[in-house]
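>>> Below is the structure, and that's it, no one-letter string:
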């Protein structure tokens, strides 16, 4: 078969056609690139898996587009390690030239990769961590703490614990930025006596030593922030050691959501937690999200999935607002801050420091109508609440 | 005879050719769309540096040290400590890292070099783990979460290290310089004494050589080179965490040296290059990139125990015992 | 500091030490008799944990899970011994370290392929999920008591095996002087295989038992390998008695570091500083212990070789 076209005129038209197609291709916009650094392995793997499911659902519902533009979602595993995350982000920025970034579950990773992203002018919209550093003095126009500021869950919990009348509490969290933030938040609102403040190791699963210390301190309540497998093991060991007879457990959604319930089960009935989202919040966006999530994955979503879903929806709205021109960074930042998307939390707005101004609800774990163990929203301890750091941030609303 | 002459001529100008190609890489990279890989090759050069230092004591000195990544960490954190205190000139930071790493290596060597064999392996491992725990406990330098360098060190002389190719050429120059020094050292009396100690310690002692001091000097030199690699690594990444000192990193360094060829002049750099390239390459195609690397290790141990450099040079030699430690240049 | 707290922490240290002993016993036998440094021993531990977790989730019987885990890992160990480890006898230690490090990499990915990258939940049997009142006021988790009992039972069993049986005599002979044992007609090759399989069985048992109280995840073998090697060196290569004493010592030091040092520091320092220093002190203490032992007894506490 002859490789060249037989007639000169056809060849010329083919060349012209090819040239036209090439130039048309050059005119068409490059896809919007979103870098997703997820925790697929490592100590925060459950959070990472949930975030990935939430993101994949949002991407599917949006038809792989953001703001009507074709979008590419690049995923990489950080294994909860700031070191590995830094390498992933370097690659995302230098080789893949991402336009937006999200994904990490823990705060230490967020703090490690933040500076690189801000210097490269890539907006970092968090799907979970809200370190106090980025809410206060080190706030940055390229960082959006769209989920919650770390301390706020615990401020709500501390308020609840004070109102419930607990006279003493022992606190425990892993020794990393989020752990320290969470216990600081609780202490800010808890007026009882802090009988002990224990920092365990990130990823630690054997709490025998810490439980012995708690037994010796004899508090009325234990407040703990131990996300993922850490909390699952802690709750099981707490009950196994007999401490649950005399001590009430109060915690954050990180240990009181569907992932923990699936692993622990009945021992969690009656556990209180405070959060900015719950799957039974009565608004249209949330009802759609929960229904679609249950259809796709056959289980209730956790807050990790809800927050990640919200990030993609926020990106969708922002890209639409700038008409696909994601290279115009000031416009992109303005669009992101305006947050014109339907959040699963209901009406959503940012404060001056790019962290949300939102309600925080008290939930309890019980059995729902179908006999399934899950959360039930009870009340709203904190309404339209900011965080404790916004005044230190020089950014304007 | 002619084959030998050709072989040694090739061995002579191959390194210069490699240097020229490496030097030209940042100029060619943008045309090939490989800008990101300038940083990648730079990182490989830094590990090649550390591996070369390890090869000096492992291959030429016969000291199987499983804690070498600890000295990389010492160099890295020395730089971090000084940066945290306000220093930003590379002229202070890098030499300080080298000096501290050499000092720590000398101190550790004083204790560790009194042991042999598996005990030496375990003690060097133990000391590296101790350094790791110290780094984890230093909250002021980030502890487990690591430390972000606010900016790259300054070099003056009109060279801006924040410019990627500039840092690349500086690293390449340092690498070439250290390799030249190391090659000079292995051919010197010091180097020959070292290989003599590796092959028959008792005889060297009987001949009056200060065996312990020679070993200690080599150990400290290797530590110093690792410290330089650590300082360059932090400069390259603008970030460091104690993970850089974990024992699996030390094991990986040994792997690099053995893959390249223990006791071969270019064993360290070749091994580091091969390992890092393979790692990056396999990561692109699959999540399960540990497996091919593990298989490679097994193949090297059973089929090419003297490393890839030996395979490449293919000198017609009598079959030597399957022990990598028996290799010489 | 109350008596119950002290006893509780000591029991924790004892439990951890006994689990380390299960691993170190296998390591010390393999290294002492076969002179093979097997870094992949930790991967056998990991295999035991994963298989036990899988079987327990599907089957519900913890005893069956442990049994299946041991059986599977021993079979894998048999294949490894025949095709790989046998070729490492007589090679220098560096080659052995490298080959077994390669095995670690392969094992990590195989586990990832079969079970995925996320950690796997391993739960203790429901019957043992609650506490037992040992003394008035002293509650201790039932599962950990079972762990202690298992560790003690294995220690006794190994003692009887090594000191009171013919096989044990052959093993001891091989450990103290292999060449002489060979000259005396011992079927060295057969003994080697047996020792390797026994070590693998112990590692699998440790993995299956520790699964519920630790993270069953990729890389768990590497995490437990270093403490096991430290126990090996402190105890003396080839000595089971040394492994036991060293394991208990390391368990004790670890507990003191993890539990008592933070409490002592907490009286003077703020909690975040305490939690930064405490793991460092605990870790340093173990290595300082090893360095100290090696200074006075360079071949370990109870070296098997004369």
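Nice, I can see it. Everything numeric here is computed off the predicted structure, so don't read it as measured data.

>>> near chain B, which residues of the stretch 1-150 of chain A?
For the stretch 1-150 of chain A, the residues in contact with chain B under the definition C-beta under 8 Å from any C-beta of the partner chain are A:77, A:81-83, A:86-87, A:90-91, A:94-95, A:108, A:111-112, A:115-116. From N, CA and C alone the C-beta is placed, and that goes for glycine too.

>>> Closest to chain C out of those?
If you rank the residues of the stretch 1-150 of chain A next to chain B by distance to chain C using C-beta to the nearest C-beta, residue A:77 comes first, at 6.9 Å.

>>> got the phi/psi numbers for the closest one?
The phi and psi values for residue A:77, taken as degrees, to the nearest 10, are phi -100, psi 130.

>>> Distance check, the closest residue to it other than its chain neighbours against residue A:103.
On the basis of C-beta to C-beta, 6 or more residues apart in numbering or on different chains, the spatially nearest residue to residue A:77 that is not a chain neighbour turns out to be residue A:40, at 4.2 Å. Using C-beta to C-beta, to the nearest Å, residue A:40 is found at 10 Å from residue A:103.

>>> Identify the contacts common to those two.
When contacts are counted by C-beta atoms under 8 Å, 6 or more residues apart in numbering or on different chains, residue A:40 and residue A:103 have residue A:48 as shared neighbours.

>>> When these two are compared, which one has more neighbours?
The residue with more neighbours, out of residue A:40 and residue A:103 and counting by other C-beta atoms under 10 Å in any protein chain shown, is residue A:103; that gives 33 against 20.

>>> List the contacts of residue 217.
Let's take chain A. Residues touching residue A:217, when contacts are defined by C-beta under 8 Å, 6+ apart, comprise A:168, A:170, A:195-196.

>>> Sorry, I should have been clearer: chain C.
With C-beta under 8 Å, 6+ apart as the criterion, the residues that contact residue C:217 are A:41-42, A:45, C:118-120.

>>> Show me which pair in those is furthest apart.
The most widely separated members of the contacts of residue C:217, counting by C-beta to C-beta, are A:42 and C:120 (13.5 Å).

>>> Which of the two has more residues huddled nearby?
The neighbour count for residue A:42 versus residue C:120, taken as other C-beta under 10 Å, is higher for residue A:42 (26 against 18).

>>> Name the SS class of the more buried one, please.
The local conformation at residue A:42, judged by DSSP: H, G, I helix; E, B strand; the rest coil, is coil.

>>> Would you agree it is in contact with residue A:85?
No: here residue A:42 lies out of contact with residue A:85, judged by C-beta atoms under 8 Å, at a distance of 10.3 Å.

>>> if I look at these two, which residues touch both of them?
Contact with both residue A:42 and residue A:85 is made by residues residue A:78, according to C-beta under 8 Å, 6+ apart.

>>> Show the subsequent helix or strand relative to the strand or helix carrying residue C:67.
Element membership for residue C:67, per DSSP states H and E: helix C:62-83. Using DSSP H and E, the next helix or strand after helix C:62-83 towards the C-terminus is helix C:93-115.

>>> right, is that following helix up against chain B?
Yes: if you take C-beta under 8 Å from any C-beta as the test, helix C:93-115 does meet chain B, through C:93-95, C:97-99, C:101-106, C:108-110, C:112-113.
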